[in-house]
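Visitor: prediction below, plus the sequence it came from.
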Amino acid sequence: MEPQTRDNRRMDLVVNYGQEEFVVELKIWRGNKYEERGRDQLAGYLATRGLKEGYLVTFDFSKNRQAAEPQWLEVNGRRIFEVII
């Protein structure tokens, strides 16, 4: 079952552990423009759930993939841990 926000937008993955909730957005690499949209989308999901932190996992299947270190980002007042695999 896909978790939904109040305005019926679907989130990729929500993990409930005890009283805590973790939102994970999954993306496929399609360029910087889409990466920015993914961050904004996740920040919006976090806002609707009243959460301060979330996780963005991007899968890069391109042949000329650049290694990137996982990092914490500040997006629209929310902290996002971004990993590109």
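Guide: Looks like it arrived, so ask away. Numbering: from 1, shown residues only.

Visitor: got a pLDDT number for residue 35?
Guide: Reading off the confidence values, residue 35 has pLDDT 91.

Visitor: verify the contact between it and residue 27 for me.
Guide: Yes: at 7.4 Å, residue 35 counts as touching residue 27 under the criterion of CB atoms under 8 Å. All C-beta spots, glycine's among them, are computed from the backbone N, C-alpha and C.

Visitor: what about those two, which has more around it?
Guide: residue 27 (20 against 17; other CB atoms under 10 Å).

Visitor: from what I see, that one and residue 60 are in contact.
Guide: No: Residue 27 is not in contact with residue 60 according to CB under 8 Å; the separation is 9.6 Å.

Visitor: what pairs with the longest strand belonging to the chain, parallel or antiparallel?
Guide: In terms of residue count, the longest strand belonging to the chain (DSSP state E) is strand 20-28. In the sheet, strand 20-28 lines up against strand 13-17 (antiparallel), strand 53-59 (parallel) (DSSP bridges).

Visitor: those: which one's closest to residue 78?
Guide: strand 53-59 (6.5 Å; CB to CB).

Visitor: circling back: and of the strands paired with strand 20-28, who's closest to residue 74?
Guide: strand 53-59 (10.7 Å).

Visitor: next SSE after that closest one?
Guide: With elements assigned by DSSP states H and E, the helix or strand that comes after strand 53-59 is strand 71-75.

Visitor: list the buried residues in that following strand.
Guide: By neighbour count with 16 or more other CB atoms under 10 Å, strand 71-75 contains the buried residues residue 75.

Visitor: pull up the pairing partners for the helix or strand that that strand is followed by, direction included.
Guide: Following strand 71-75 in sequence order, the next helix or strand is strand 78-84 (DSSP H and E). Next to strand 78-84 in the sheet, as set by DSSP bridges, lie strand 53-59 (parallel), strand 71-75 (antiparallel).
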